[in-house]
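**Student:** Test case, fold it:
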Amino acid sequence: AGLTAAATNALVPANGVAAGYLSADKFTNTGAADLTVVYTVVPVSATGCVGDPVNVTMTIHPEPVVSNTLDRTVCSDASIGLTLNTNGTSVAASTYNITAVSIPAGVTANAGNAAIPGNGIAAGYLTADKYTNKGAAPLNVTYTIVPISAAGCVGDAKVVTVTIDPEPVVSTTLNLSACSDVASGLTLNTNGSSVGAATYNIDLRSIAAGLTPAAGNAAVPATGVAANYLAGDKFTNTGALPLTVTYTVTGVSAAGCAGDQQVITLTINPEPVVSGSLNASICSDVATGLTLNTNGTSVAAASYNITAINKAVGLTAAATNALVPANGVAAGYLSGDKFTNTGAVNLTVVYTVVPVSAAGCVGDPLNVTITIQPEPVVSTTLDATVCSDIAIGLTLNTNGTSVAASTYNVTSRTVAAGLTTNAGNAAIPGNGVAANYLANDKYTNTGALPLTVAYTIVPVSTDGCLGDAKVVTMTINPEPVVSTTLNNTVCSDI
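**Tutor:** Modelled structure (predicted):
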């Protein structure tokens with residue numbers, strides 16, 4: 001029991017057979033111990049004499065039987081971990097012969113794999129073999145294994161199948177550019193021919209000096225994340241040149257097979273930074289002269305968005321001022337803006353300015369403050385009436401609500417026909433004069449009706465701000481002139 005005779009063995013009993021009649025008999029012993037076959041042999045001479053029977057014993061050493069549980073599935077690029085073994089009931093294998101390996105198209109053997117064929121090798125000879133499968137489906141590598149017992153008995157060849165599950169291959173077209181402070185929008189993907197990635201491992205993130213990561217960026221390293229895990233990452237680049245962030249990414253299939261690492265480069269285009277030195281002070285009714293600019297270290301702004309204007313109560317904007325909000329405007333867009341401040345104190349206009357680079361990257365908004373210094377307003381109550389040849393007594397003044405005038409410019413004087421100007425009157429035009437500069441002016445009116453002198457006055461504040469020109473009218477009442485024909489000659493007592 002335990003031995004199996006080959007179907008081609010010689011028939012027994014058999015008479016008159018040749019000496020080699022049994023030489024080709026074979027028996028299979030797949031057990032763990034030696035088993036015997038006993039032939040009872042009777043010799044016969046040429047004369048027909050029959051000898052005594054003799055039992056001839058053939059000991060059949062067992063052959064090892066390779067285990068039928070060695071088939072396995074491993075990931076691409078992983079060691080197959082195959083340790084050869086017998087089935088547990090046969091004699092053990094002392095060594096193995098690896099007679100063949102079959103590698104399908106689409107699978108690449110690692111350069112360090114074991115040499116095949118290989119004879120008399122140990123059970124762990126194939127353990128470290130690796131295969132790469134970058135396709136979409138599992139592929140099979142088969143080894144033909146022959147076990148050999150310590151007695152040198154060779155077992156039947158056994159085909160062991162190792163299924164190589166594919167690894168995902170991260171696409172090489174994922175590099176992209178994003179503006180400073182804008183979400184990267186990076187959605188990971190495979191190359192379209194490999195197995196898909198169920199998840200990804202983000203192994204490393206390298207951020208160039210000069211970039212500032214947003215506080216809410218994804219944590220790295222991270223394992224088992226979704227394809228859009230990095231899509232919300234933002235970085236601030238306030239320099240003059242693009243800077244890069246690199247992610248080292250590994251795709252992982254649904255079977256848990258990790259692909260090769262792929263470096264993905266995210267280029268962060270810089271954002272312009274509005275200069276912090278644009279705030280200015282100007283006089284009422286004077287163009288702001290504001291020419292927008294960047295800070296000198298950031299990328300230049302190709303245009304600007306003026307998103308808001310906040311004008312203090314008490315200021316009046318000129319009708320010709322630039323429209324706000326406005327997008328894509330030039331640096332000098334606001335330079336012609338004017339504001340009127342006829343109050344007593346400085347008032348401000350605040351523009352919210354957003355710079356935009358040639359690449360379309362939008363910088364942070366900055367408030368630019370223009371301080372409008374007030375202009376003095378000449379009083380409307382300075383008109384007066386004086387008599388001919390009397391000093392006009394005009395003392396210039398402002399209206400009481402505006403900023404005071406430090407000096408005045410008297411730009412013109414219009415004297416009505418029929419009036420005679422006193423030789424000692426003030427010189428006109430006169431700039432930077434005191435309030436009483438005209439007080440001693442005199443005019444002679446010897447006509448029948450009042451006549452006027454009109455002065456054009458421009459007040460000037462301590463800050464040098466000019467108010468609007470104001471015409472002050474002095475009415476010169478006529479003086480009577482005694483007739484020169486009143487002299488006469490008359491008689492005494494007449």
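
**Student:** Can you name the residues that contact A426?
**Tutor:** A426 makes contact with 410, 433, 437-438, 440-441 under the criterion CB atoms under 8 Å, 6 or more residues apart in numbering. In short, each C-beta sits where N, CA and C put it, glycine included.

**Student:** Quick one: buried ones out of these?
**Tutor:** Buried residues within these, counting neighbours by 16 or more other CB atoms under 10 Å: 410, 433, 437-438, 441.

**Student:** Most widely separated two among these?
**Tutor:** Using CB to CB, these reach their maximum pairwise distance at V433 and D441, which is 12.2 Å.

**Student:** Now render the buried ones among the contacts of A426 as TSV, adding distance to S206, pLDDT and secondary structure.
**Tutor:** Converted to TSV, the buried ones among the contacts of A426 look like this (distance: CB to CB, whole Å; pLDDT from 0 to 100; DSSP: H, G, I helix; E, B strand; the rest coil):
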residue	distance to S206	pLDDT	secondary structure
V410	73	98	strand
V433	72	98	strand
Y437	75	98	coil
L438	78	98	coil
D441	83	98	coil
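
**Student:** Name the nearest of these relative to A280.
**Tutor:** V433 (29.3 Å).

**Student:** That closest one reaches T407, doesn't it?
**Tutor:** Yes - with contact defined as CB atoms under 8 Å, V433 counts as touching T407 (6.2 Å).

**Student:** now the strands: where do they sit in the stretch 201-350 of the chain?
**Tutor:** For the stretch 201-350 of the chain, the strands defined by DSSP state E, counting those that start in this stretch cover 211-213, 222-225, 235-237, 243-252, 258-269, 280-283, 303-311, 315-317, 326-329, 339-341, 347-356.

**Student:** right, so of those, which gets closest to C387?
**Tutor:** Proximity to C387, assessed across these by CB to CB, is greatest for strand 339-341 (38.5 Å).

**Student:** hang on, the earlier thing: next, format the strands of the stretch 201-350 of the chain as CSV and append mean neighbour count.
**Tutor:** Rendered in CSV, the data for these read as follows (neighbours: other CB atoms under 10 Å):
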stretch, mean neighbour count
strand 211-213, 16
strand 222-225, 14
strand 235-237, 22
strand 243-252, 20
strand 258-269, 19
strand 280-283, 16
strand 303-311, 18
strand 315-317, 16
strand 326-329, 14
strand 339-341, 23
strand 347-356, 21
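
**Student:** Out of those, which gets nearest to G106?
**Tutor:** strand 258-269 (15.1 Å).

**Student:** where's that closest one relative to the chain centroid, distance-wise?
**Tutor:** Once both centres are worked out by CA atoms, centre = their mean, to the nearest Å, strand 258-269 turns out to sit 14 Å from its chain's centre.

**Student:** One more: stretch 213-221?
**Tutor:** Remark: stretch 213-221 is offset 12 Å from the chain centroid, using CA atoms, centre = their mean.

**Student:** And that stretch, what's buried?
**Tutor:** Quick answer for stretch 213-221 (16+ other CB under 10 Å): 217-218, 220.

**Student:** Tell me where the model's unsure across the stretch 51-200 of the chain.
**Tutor:** The stretch 51-200 of the chain contains no residues with pLDDT under 70.

**Student:** Can you tell me the strand partners of the helix or strand where Y96 lies and which way each runs?
**Tutor:** Using DSSP states H and E, Y96 sits in strand 95-102. Strand 95-102 has the following strand partners under DSSP bridges: strand 118-121 (antiparallel), strand 139-148 (antiparallel).

**Student:** can you list contacts of the longest one?
**Tutor:** Spelled out, that is strand 139-148. Contact partners of strand 139-148, identified using CB under 8 Å, 6+ apart, comprise 63-66, 70, 80, 82, 84, 86, 93-104, 106-107, 116, 120, 126, 131, 133, 154-164, 166.

**Student:** same question, stretch 76-85
**Tutor:** 66-67, 70, 72, 74, 93, 96, 110, 123-134, 141, 143, 145, 147, 160, 162, 164-167, 257-260.

**Student:** cool, and stretch 281-291?
**Tutor:** Residues contacting stretch 281-291 (CB under 8 Å, 6+ apart): 278, 280, 331-332, 334-342, 346, 349, 351, 368, 370-375, 461, 463-468.

**Student:** which ones are touching V377?
**Tutor:** Each residue near V377 by CB under 8 Å, 6+ apart is listed here: 342, 398-399, 401-402, 459, 467-468, 470.

**Student:** Just give me the neighbour total for L486.
**Tutor:** Using other CB atoms under 10 Å, the number of residues around L486 comes to 6.

**Student:** er, L139 actually
**Tutor:** Burial of L139 is recorded as 18 neighbouring residues (other CB under 10 Å).

**Student:** hey, what's it bridged with?
**Tutor:** With DSSP bridges as the criterion, L139 is bridged to I164.

**Student:** Would you agree N310 is in contact with V368?
**Tutor:** No - taking contacts as CB under 8 Å, N310 lies outside contact range of V368: 10.8 Å.

**Student:** got any residues that touch both of those two?
**Tutor:** 350, 352.

**Student:** And the pLDDT at T30?
**Tutor:** Per-residue pLDDT puts T30 at 97.

**Student:** I figured it hits V66, correct?
**Tutor:** No - counting by CB under 8 Å, T30 does not reach V66; the two are 10.9 Å apart.

**Student:** Name the residues contacting each of those two.
**Tutor:** Contacts common to T30 and V66, judged by CB under 8 Å, 6+ apart, are G155.

**Student:** More neighbours: which of the two?
**Tutor:** Comparing T30 with V66 by other CB under 10 Å, the one with more neighbours is V66, at 22 against 18.

**Student:** Quick check, that one in contact with S149.
**Tutor:** No - contact criterion CB under 8 Å: V66 and S149 do not qualify, at 12.0 Å.

**Student:** residues shared between the contacts of the two?
**Tutor:** In contact with both V66 and S149: 93, 155, using CB under 8 Å, 6+ apart.

**Student:** give me every residue that touches A330.
**Tutor:** 303-304.

**Student:** List the buried residues of stretch 124-134.
**Tutor:** Quick answer for stretch 124-134 (16+ other CB under 10 Å): 125-126, 129-134.

**Student:** Distance-wise, check the residue lying closest to A6 once chain neighbours are set aside relative to P450.
**Tutor:** Distances taken as CB to CB, 6 or more residues apart in numbering place K26 nearest to A6, at 4.0 Å, with adjacent residues excluded. Between K26 and P450 the computed distance is 155 Å (CB to CB, to the nearest Å).

**Student:** Between those two, which has more neighbouring residues?
**Tutor:** Counted by other CB under 10 Å, K26 and P450 do not tie: P450 has more neighbours, with 15 against 11.

**Student:** Isn't that one up against N477?
**Tutor:** Yes - counting by CB under 8 Å, N477 is a contact partner of P450 at 5.1 Å.

**Student:** what residues do these two have in common as contacts?
**Tutor:** With CB under 8 Å, 6+ apart, P450 and N477 have common neighbours T385.

**Student:** how about the strands in the stretch 51-200 of the chain?
**Tutor:** 54-60, 72-75, 95-102, 107-109, 118-121, 131-133, 139-148, 158-165, 176-179, 199-207.

**Student:** distance between stretch 45-56 and the chain's centre?
**Tutor:** 101 Å.

**Student:** Also stretch 226-245?
**Tutor:** Distance of stretch 226-245 from its chain centroid, counting by CA atoms, centre = their mean, is 3 Å.
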